[in-house]
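Chemist: With the input below, show me the fold.
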Amino acid sequence: MAMPRTLKDQMMFNEGLAYQGDAKTVGLPTLTRKTEGYRGAGMSGEVSMDMGMEAMEISFTCGGPMRQVLRQWGTPTVDGVYIRFAGNYQSDDTADIDHIEVIVRGRFTEIEMGDQEVGEASEFKTTMAVAYYKLIWNGRTEIEIDPLNMIEVVNGIDLLAERRALLGIY
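Modeler: Alright, predicted model coming up:
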């Protein structure tokens, strides 16, 4: 029998500043392939052609206003803000712990201050468009996606290396 990995601990960092006690929830980027249906002569059905990746985003919610995030609003570069998520996932059948880190660079596209009520905890919600993504599992890079530099590494293999080389991009 196998049990799922459960998130037991998490930390968020914004430009290296720890959000200990501040970050409540994190919505990690969804990886989505952009596909286009194609059915040509002699094909009995449609297949999905890979057209690259859809845009990525990350979101997180804090327990109150975050001045650093407000000061990063309007960052002029697409990869101007560095966010790192670190999480420990433990399996209840073996007690094994997997450490997963997600590193992103991007810029905030939405900041929601939420409802403010005296004596009540508020929520500060953010959404960031992601221009760079890296997932590290137990110290090993599993996925690294850098659309600006035409890099897509999965399981140690750079899927776009040959295409970059043919274009003269090294």
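Chemist: only C-alpha atoms for contact and neighbour calcs from this point on.
Modeler: OK.
Chemist: Test for you: state the pLDDT assigned to M1.
Modeler: Looking at M1, its pLDDT is 69.
Chemist: The residue of the chain most remote from its centre: what secondary structure?
Modeler: Here the chain reaches farthest from its C-alpha mean at G42, the gap being 40.1 Å by Cα atoms, centre = their mean. Here G42 is recorded as coil under DSSP: H, G, I helix; E, B strand; the rest coil.
Chemist: That one and T35, how far apart?
Modeler: Distance, G42 to T35, using Cα to Cα, to the nearest Å: 21 Å.
Chemist: can you give me the helices in the chain?
Modeler: 67-72, 161-167 (DSSP state H).
Chemist: what does the shortest one contact?
Modeler: For helix 67-72, the external contacting residues (Cα atoms under 8 Å, 6 or more residues apart in numbering) are 81, 107-108, 111.
Chemist: if you set the cut-off to 7 Å instead, what comes out?
Modeler: Outside helix 67-72, not one residue touches it by Cα atoms under 7 Å, 6 or more residues apart in numbering.
Chemist: Could you measure from G64 over to A86?
Modeler: Applying Cα to Cα, the value for G64 to A86 is 21 Å.
Chemist: Also E120?
Modeler: Here E120 is placed at a distance of 28 Å from A86 (Cα to Cα).
Chemist: Would you mind telling me which of these two has the busier surroundings?
Modeler: A86 (16 against 8; other Cα atoms under 10 Å).
Chemist: got a list of what the more buried one touches?
Modeler: Contacts for A86 were tallied using Cα under 7 Å, 6+ apart; they are 10-12, 100-102.
Chemist: So which elements touch the longest strand seen in the chain?
Modeler: Taking DSSP state E as the criterion, the chain has its longest strand at strand 97-112. Using 3 or more Cα pairs under 7 Å, 6 or more residues apart in numbering; DSSP states H and E as the contact test, the elements touching strand 97-112 are strand 81-91, strand 124-137.
Chemist: centre of the chain versus the shortest one, how much separation?
Modeler: If I follow you right, that is strand 81-91. Relative to its chain's centre, strand 81-91 lies at 10 Å (Cα atoms, centre = their mean, to the nearest Å).
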